[in-house]
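Engineer: Could you work out the structure for the sequence below:
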Amino acid sequence: MQIKQLQQKAAWVRRQVLEAIAAKGKGHIGGTYSCTDVLVALYYAGILRIDLKNPRQPDRDRFILSKGHACLALYSIYLDQGIFTPEKFAEYGVDGGSLGGQLDIHIPGAEYNTGSLGHALGIGCGMALAAKMDEKKYKTYILMGDAECLEWSVWESVMFASEHGLNNLIGIVDRNRLSVTDVLDDEHVFRNFKEKLQMFGWNAQVINGHSFEEILSAFEAAKNSDKPFMLLANTIKGKGISFMENGIKWHHSVPTPAELDKARAELKKNEDALSC
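Structural biologist: This is a model prediction of the structure:
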């Protein structure tokens, strides 16, 4: 897809997420919107090598969405790409249904049971090392939240990946600066983040996580990296709906009817502008 098509697809995903949360009265809209553009780039711009008709194909690229509470964006993508039927998508949030608020390996396309943060990069290291040992060409991509980078397990994995030369491992940090309850304004982890990763033996790049030009350029660099590669994607929680942007409330709040009308209007205005 070209840049404008990717922007249109991201707008469509945001609308699907909003309507699913409104219909079921549950979901994590803020952190889902912050990483939507990265997810759209991965699945629609030829970054991930995945056979949609056979999502368990052995030589597929692996993708782990560590922040599994952003699953509705993936569910929408899976619906659009034919991995899910509309009936499957409608099971989101239904008691006894197959699609909950986190990912699990019984969901087609999902590689990992999410919920506990700080583990996914280590699991990705294992996948990347397995590819090396088996002389396979697939790459492993991990999308993490910025708050989980406070977990020491993440940095153990950073060191492990460098020690084992895992140049087939690409990490992405969704740097929206908000956790469930706190503003992440303490820069002791993220100050000079690129330089820190380079000291640990990684290549790294800081990007605008809502610019498809920058996202695609960074992924191209990652594909040709001779070391593990990390993208620090500066993003906005709630991106795309003005009254939700940078608001802690929208980690898992559900819009009121009036807020829903306003959100729909803003998303439609954006979609109309992109269709011109």
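
Engineer: C-alpha from now on. contacts and neighbour counts both.
Structural biologist: Fine.

Engineer: Dump stretch 178-192 to CSV, restricted to CA.
Structural biologist: C-alpha atoms of stretch 178-192 as CSV (Å, rounded to 0.1, in the frame of the first residue of the first chain):
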residue,chain,number,x,y,z
LEU,A,178,1.2,7.1,29.7
SER,A,179,0.7,3.9,31.7
VAL,A,180,-2.6,2.7,33.3
THR,A,181,-2.4,5.4,36.0
ASP,A,182,0.8,7.4,35.6
VAL,A,183,2.5,9.9,33.3
LEU,A,184,5.9,8.4,32.4
ASP,A,185,7.8,11.7,32.6
ASP,A,186,10.8,10.2,34.4
GLU,A,187,13.4,9.9,31.7
HIS,A,188,15.9,7.6,33.5
VAL,A,189,15.1,4.9,30.9
PHE,A,190,14.3,6.9,27.8
ARG,A,191,16.8,9.7,28.0
ASN,A,192,19.4,8.9,25.3
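
Engineer: So which elements touch the biggest helix by length in the chain?
Structural biologist: For the chain, the longest helix by residue count, based on DSSP state H, is helix 3-24. Under the contact criterion of 3 or more Cα pairs under 8 Å, 6 or more residues apart in numbering; DSSP states H and E, helix 3-24 touches helix 29-44, helix 71-80, helix 212-223, helix 257-275.

Engineer: Quick one: mean pLDDT over that helix.
Structural biologist: Averaging pLDDT along helix 3-24 yields 96.

Engineer: For it, give me every contacting residue.
Structural biologist: 27, 29, 33, 36-37, 40-41, 44-45, 72-73, 76-77, 92-94, 212-213, 240, 254-255, 260, 264, 267, 270-271, 274-275 (Cα atoms under 8 Å, 6 or more residues apart in numbering).

Engineer: Report the buried residues of that helix.
Structural biologist: 6-18, 20-22 (16 or more other Cα atoms under 10 Å).

Engineer: Stretch 38-56 too?
Structural biologist: Using 16+ other Cα under 10 Å as the test for burial, stretch 38-56 gives 38-45, 47-50, 55-56.

Engineer: Equivalent analysis for stretch 137-147, please.
Structural biologist: By 16+ other Cα under 10 Å, the buried positions in stretch 137-147 come out as Y138, K139, T140, Y141, I142, L143, M144, G145, D146, A147.

Engineer: ok, back up a step: if you compare the helices and strands packed on helix 3-24, which one is most tucked away?
Structural biologist: helix 29-44 (a mean of 24; mean count of other Cα atoms under 10 Å).

Engineer: Specify the angle between that helix and helix 3-24 in degrees.
Structural biologist: Going by axes from the mean of the first three to the mean of the last three Cα atoms, to 10 degrees, helix 29-44 is angled at 140 degrees with respect to helix 3-24.

Engineer: export helix 29-44 as PDB, just CAs?
Structural biologist: Output in PDB follows, covering the C-alpha atoms of helix 29-44 (Å, rounded to 0.1, in the frame of the first residue of the first chain):
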ATOM      1  CA  ILE A  29      -8.900   2.600  23.200                       C
ATOM      2  CA  GLY A  30      -6.100   4.900  24.200                       C
ATOM      3  CA  GLY A  31      -3.200   2.500  23.900                       C
ATOM      4  CA  THR A  32      -4.700   0.800  20.900                       C
ATOM      5  CA  TYR A  33      -4.900   4.100  19.000                       C
ATOM      6  CA  SER A  34      -1.300   4.900  19.900                       C
ATOM      7  CA  CYS A  35       0.100   1.800  18.100                       C
ATOM      8  CA  THR A  36      -2.500   1.500  15.300                       C
ATOM      9  CA  ASP A  37      -0.200   3.100  12.700                       C
ATOM     10  CA  VAL A  38       2.700   0.800  13.500                       C
ATOM     11  CA  LEU A  39       0.400  -2.200  13.300                       C
ATOM     12  CA  VAL A  40      -1.100  -1.100  10.000                       C
ATOM     13  CA  ALA A  41       2.400  -0.700   8.600                       C
ATOM     14  CA  LEU A  42       3.400  -4.100   9.700                       C
ATOM     15  CA  TYR A  43       0.400  -5.900   8.100                       C
ATOM     16  CA  TYR A  44      -0.300  -3.800   5.000                       C
END
